[in-house]
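> Next comes the sequence, and after it the predicted model I'd like to discuss.
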Amino acid sequence: MNEGRIWLYVRPTVGIPLFFIAFVLAALAVHASILNNTTWFAAYWQGAAPVAKTASVTPTVAPAAS
């Protein structure tokens, strides 16, 4: 495993928290970009649901059997 050699140069007590912090920052950046670039996500968090349209039903009569 080539990636395992990184711990020869970086202590796990330093590398693991740095990896975790980088992961959290990336996740926050993704969520912030979703909030800033969409209109529906913030409305979803505020509880604003779109009003459902009522379907118009027209009664139809089946043809008589012959």
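Sure, I can see it. Just so we're clear, the structure is a prediction, and the values are computed from it rather than from any experiment.
> pLDDT weak spots in this structure?
Counting by pLDDT under 70, the chain has low-confidence residues at 1, 48-52.
> what about the strands in this structure?
Counting by DSSP state E, the chain has no strands at all.
> which one's the longest helix in it?
Criterion DSSP state H: the longest helix present in the chain is helix 12-37.
> Check which helices and strands it sits against.
Secondary-structure packing of helix 12-37 (3 or more CB pairs under 8 Å, 6 or more residues apart in numbering; DSSP states H and E): helix 40-46. In this view, the C-beta of every residue, glycine as well, is placed from N, C-alpha and C.
> which residues are in contact with the helix it packs on?
For helix 40-46, the external contacting residues (CB atoms under 8 Å, 6 or more residues apart in numbering) are I34, L35.
> From the chain's centroid, how far away is it?
Relative to its chain's centre, helix 40-46 lies at 12 Å (CA atoms, centre = their mean, to the nearest Å).
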